[in-house]
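In: Prediction below, plus the sequence it came from.
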Number of protein chains: 2
Amino acid sequence: MARVYNFSAGPATLPEAVLRQAQDEMLDWRGVGASIVELSHRGAEFMEVAAQAEADLRALMAVPDDYAVLFLGGGATTQQALLALNFAAPGQVADYVVSGHWGKTAIRQARHYVDVHVAADGEPGGFRDIPARDAWVLSEDAAYVHITANETIHGLEYRDTPDVGDVPLFADFSSSIASEPVDVSRYGLIYAGAQKNLGPVGISVVIVRRDLLERAGQPRADIFTYASHAARDSMLNTPPTWNWYLLGLNVKWMLEQGGVEEFARRNAAKSALMYTAIDGSGGFYRNEVAPAVRSRMNIPFFVPDETLTARFVAESRAAGMLALKGHKSVGGLRASLYNAMPLEGVQALVDFMRDFQQRNG
Amino acid sequence: MARVYNFSAGPATLPEAVLRQAQDEMLDWRGVGASIVELSHRGAEFMEVAAQAEADLRALMAVPDDYAVLFLGGGATTQQALLALNFAAPGQVADYVVSGHWGKTAIRQARHYVDVHVAADGEPGGFRDIPARDAWVLSEDAAYVHITANETIHGLEYRDTPDVGDVPLFADFSSSIASEPVDVSRYGLIYAGAQKNLGPVGISVVIVRRDLLERAGQPRADIFTYASHAARDSMLNTPPTWNWYLLGLNVKWMLEQGGVEEFARRNAAKSALMYTAIDGSGGFYRNEVAPAVRSRMNIPFFVPDETLTARFVAESRAAGMLALKGHKSVGGLRASLYNAMPLEGVQALVDFMRDFQQRNG
């Protein structure tokens, strides 16, 4: 059938142009006579793909030279454990600000390695707002402060980078990386699973200030050591080459489209269209996140009851809109509007919402 | 250009039929209107792909029901650290038999977590033979015995499963998994990066006896815990879905071709063709591995000098044979003959070798 509008929270929609190029090159990458997925990671062909992807990502995100960019197998959850292992001394305190499901996950992975201190917690408020910076209780001598830049399930995101003084700020950017300009120099470490805004599933990106790589951290295997990956240009072991390649195609597409400034405009327009439709529905559609921190990427919303929820999912799918069911932990509906989702897709969804309300409101 | 014969040690050649199916489905998986790489890992579509891949791999390898089969991001090197973390108490002794480069790597990853005891070491003999079983010095109360079933760089492999009594035998099968029938029940744990015999890069398979999952191991993050991955059917976090999908296509292809019995025949024929060519060259081509343990998968070989080595690599590539350069740590040449390499490819290589010798011998 024709391509649908895919609102999946991740793995998520990719640009058709990127998929077509991957399709064209599937049996023969640039006349080599083999697929890129069949080539050695240490051969000239893939080394070129890898270097170009890094250069393009650095250009896209304006990554300063004193930051390493790593391309790693394992998802963001793996990085949540590794960052504690690499950057905190055994039992050292680390501050965590919890603004949703993924902030809690970050703590669950790190707590075996660090003395987790919850500096602020949005859960008592039902994760409808991000705790205000002046209410955070930061520790003396914390190894780092960890935040979740965008909460994929609860649908809220930081609209400004919080100031945490001299302690390095670590941020899970899985669902909002490269969706708008970000001053990387404000962070000690940025990590993201690529499968939402940056490209395909199966690869993570870690952007880390190089001086932090000198921290001793905790006893661990070499394969768990960011400094070792950095020293070997992310080829300490066989990396997920095909995923890296597809990420590279996607980053190049983002640059061609106008870079993060252009995606900031598009993402603002797309999310405004959705929130306006929700807020203008007279209460038929609801989103309960505080307007100032509503996510541009993931928009959870609710209809009056579960029967209507199920009907909305089924009818929207029949109308060519995929994966609008909400995460099971919160229920309802959710539309994810990552970089590769065109405005036309959101317009189609908003039109469908209006029609659905007229028939069921 | 036309598809070449790709002798890469991994990532390695894949069946053209598998790549063609992936190509056909790249923009639209079975009429869903989206690529499999864009679909949620928790949706019905991918869940079906994942379950089918597991069922097919279990059938292909005759995996007993009391073994879990895990599909994980991160390569074999990651598993070398995780198996120590999961199955040895802190500081407990574990026995390692070293038969080449990858046996040493396994120790390097594990030594932070276990008291590594080298039960036998082939390095003094230049890794030309696998230490005989009766020369192994096994420990009392070892957590496990670790072997490398096939050494990708040094080109030797176990032709029988060694008997280690009641201690679980753990084996790195990265470069020989599913290349012939193996009695899985003789092993406590089998692990493999998929990018050689099993499918694409970017995913590892771990086959582990379920009772071992009850071992406490060492304090660690949940994401490093095999039992947690097993309990969640390898969806503890977002798995490398596209890689899992391609692995599934490849496993299905192997079943259709006749399963591991058929590949055992093909691999025996292919490697015999190569070794006969080498041994029959009057010393122009050399392979120094003891015949009883010569690898069917990876055949390192040497020509008289480095000038000829470079010429062989360049001319074979021009003749449509890719990646015959040896690993940098041993030099020379290497041909990897995994399941997806057809006999015709090996025949073409052997013909080229004969011609090359006539022109340069």
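Out: Thanks, I have it. Numbers count the residues shown, from 1 in each chain, chains lettered A, B, ... in the order given.
In: can you give me the helices for chain A?
Out: Under the criterion DSSP state H, chain A contains helices at A:16-24, A:44-61, A:76-87, A:101-110, A:226-231, A:241-257, A:259-279, A:306-318, A:343-360.
In: Check the offset of the longest one from the chain's centre.
Out: Shown here is helix A:259-279, whose average C-alpha point lies 17 Å from the average C-alpha point of the whole chain (C-alpha atoms, centre = their mean, to the nearest Å).
In: same deal with the fourth one?
Out: Here helix A:101-110 is found 15 Å from its chain centre; the criterion is C-alpha atoms, centre = their mean.
In: Next, the buried residues of it.
Out: Of the residues in helix A:101-110, A:101-107, A:109-110 count as buried by neighbour count, 16 or more other C-beta atoms under 10 Å in any protein chain shown. Using the backbone N, CA and C atoms, a C-beta is placed for each residue, glycine as well.
In: and what of the last one?
Out: Buried positions in helix A:343-360, judged by neighbour count with 16+ other C-beta under 10 Å: A:345-346, A:348-350, A:352-354, A:356-357.
In: Same check on stretch A:112-124?
Out: A:112-114, A:116, A:118-120, A:122.
In: just checking, A:Ala142 touches A:Val167?
Out: Yes: counting by C-beta atoms under 8 Å, A:Val167 is a contact partner of A:Ala142 at 5.3 Å.
In: who's in contact with A:Phe356?
Out: Contacts for A:Phe356 were tallied using C-beta atoms under 8 Å, 6 or more residues apart in numbering or on different chains; they are A:311-312, A:315-316.
In: Same drill for A:Ala142 and A:Val167, tell me which one is more crowded.
Out: Neighbour count, other C-beta atoms under 10 Å in any protein chain shown: between A:Ala142 and A:Val167, A:Ala142 has more, with 21 against 17.
In: Now do that one, the pLDDT please.
Out: What the model reports as pLDDT for A:Ala142 is 98.
In: for it, what are its contacts?
Out: With C-beta under 8 Å, 6+ apart, A:Ala142 has these contacts: A:92-95, A:117, A:167.
In: ok, now how distant is it from B:Thr161?
Out: 51 Å (C-beta to C-beta, to the nearest Å).
In: joint contacts of A:Ala142 and A:Val167?
Out: By C-beta under 8 Å, 6+ apart, the residues touching both A:Ala142 and A:Val167 are A:Asp95.
In: Excluding chain neighbours, give the residue nearest to A:Phe7 in space.
Out: Leaving aside its sequence neighbours, A:Phe7 sits nearest to A:Ala335 (C-beta to C-beta, 6 or more residues apart in numbering or on different chains; 4.6 Å).
In: What residues are bridge-paired with that neighbour?
Out: For A:Ala335, the beta-bridge partners are A:Ile299 (DSSP bridges).
In: Pull the contacting residues for it.
Out: Counted by C-beta under 8 Å, 6+ apart, A:Ala335 has contacts A:7, A:274, A:298-299, A:301, A:324, A:346, A:349.
In: Counting neighbours, which of those residues comes out on top?
Out: Highest count within the contacts of A:Ala335 by other C-beta under 10 Å belongs to A:Asn298, 28 neighbours.
In: residues contacting that residue?
Out: Contacts of A:Asn298 (C-beta under 8 Å, 6+ apart): A:9, A:150-153, A:155, A:175, A:334-337.
In: one more time with 7 Å, if that's ok
Out: When contacts are counted by C-beta atoms under 7 Å, 6 or more residues apart in numbering or on different chains, A:Asn298 is found next to A:9, A:152, A:155, A:175, A:334, A:336.
In: And for A:Ala216?
Out: Counted by C-beta under 7 Å, 6+ apart, A:Ala216 has contacts A:Ala89.
In: ditto for A:Ala292
Out: Counting by C-beta under 7 Å, 6+ apart, A:Ala292 has contacts A:Arg159.
In: same question, the one 5 residues further on
Out: Taking C-beta under 7 Å, 6+ apart as the definition of contact, the neighbours of A:Met297 are A:150, A:157, A:175-176, A:179, A:336-338.
In: let's go with 10 Å and repeat that
Out: A:Met297 makes contact with A:9-10, A:12, A:149-152, A:155, A:157, A:174-177, A:179, A:196-197, A:267, A:270-271, A:335-339, A:341, according to C-beta atoms under 10 Å, 6 or more residues apart in numbering or on different chains.
In: Apart from its chain neighbours, what residue comes closest to A:Val208?
Out: A:Leu189 (4.6 Å).
In: Verify the contact between A:Leu14 and B:Ile36 for me.
Out: No: assessed by C-beta atoms under 10 Å, A:Leu14 is found out of contact with B:Ile36, at 11.2 Å.
In: ok, back up a step: quick one: which of the contacts of A:Ala335 is nearest to A:Phe127?
Out: A:Asn298 (12.4 Å; C-beta to C-beta).
In: Among the contacts of A:Ala335, which one lies nearest to chain B?
Out: Chain B lies nearest to A:Phe7 out of the contacts of A:Ala335, by C-beta to the nearest C-beta, at 10.2 Å.
In: Could you tell me the model confidence score at the closest one?
Out: For A:Phe7, the predicted pLDDT is 98.
In: can you pull the contacts of it?
Out: A:13, A:298-299, A:316, A:321-325, A:333-338, A:341, A:345-346, A:349.
In: What's the separation between it and A:Ser336?
Out: The value you get for A:Phe7 to A:Ser336, if C-beta to C-beta is used, is 5 Å.
In: Name the residues contacting each of the two.
Out: A:13, A:298-299, A:323-324.
In: Please render those as JSON lines that adds pLDDT to the earlier fields.
Out: As requested, the shared contacts of A:Phe7 and A:Ser336 are arranged in JSON lines below (pLDDT from 0 to 100):
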{"residue": "A:Thr13", "pLDDT": "97"}
{"residue": "A:Asn298", "pLDDT": "98"}
{"residue": "A:Ile299", "pLDDT": "98"}
{"residue": "A:Ala323", "pLDDT": "97"}
{"residue": "A:Leu324", "pLDDT": "98"}
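In: from those, which two are the most distant?
Out: Most distant of the shared contacts of A:Phe7 and A:Ser336, by C-beta to C-beta, are A:Thr13 and A:Ile299, 14.8 Å apart.
In: Grab the nearest non-local neighbour of A:Ala357.
Out: Heads up, residue A:357 is Gln, not Ala. A:Phe284 (4.8 Å).
In: same check, this time on A:Val49
Out: A:Tyr245 (5.1 Å).
In: Near that neighbour, how many other residues are there?
Out: 26.
In: cool, and the one 3 residues further on?
Out: If you count neighbours by other C-beta under 10 Å, A:Gly248 ends up with 24.
In: so who does it touch?
Out: By C-beta under 10 Å, 6+ apart, the neighbours of A:Gly248 are A:18, A:36, A:48-57, A:71, A:199.
In: go on, A:Leu189?
Out: A:67-68, A:79, A:83, A:86-87, A:144, A:146, A:168-173, A:206-209, A:212, A:226.
In: Same question for A:Phe263.
Out: A:Phe263 neighbours (C-beta under 10 Å, 6+ apart): A:60, A:178-181, A:197, A:254, A:257, A:270, A:296, A:338-340.
In: now A:Gln257
Out: A:Gln257 touches A:15, A:17, A:263, A:266, A:339-340, counting by C-beta under 10 Å, 6+ apart.
In: Any figure for the gap between A:Ser281 and A:Trp102?
Out: From A:Ser281 to A:Trp102 the distance is 28 Å (C-beta to C-beta).
In: ok, now A:Ala9?
Out: 11 Å.
In: Which neighbours do the two have in common?
Out: Common neighbours of A:Ala9 and A:Trp102 (C-beta under 10 Å, 6+ apart) are A:152-153, A:175.
In: Among those, which lie within strands?
Out: In strands, judged by DSSP state E, none of the shared contacts of A:Ala9 and A:Trp102 are found.
In: Which one of the residues you listed is nearest to B:Arg232?
Out: Nearest member of those to B:Arg232, counting by C-beta to C-beta, is A:Ile153, at 17.0 Å.
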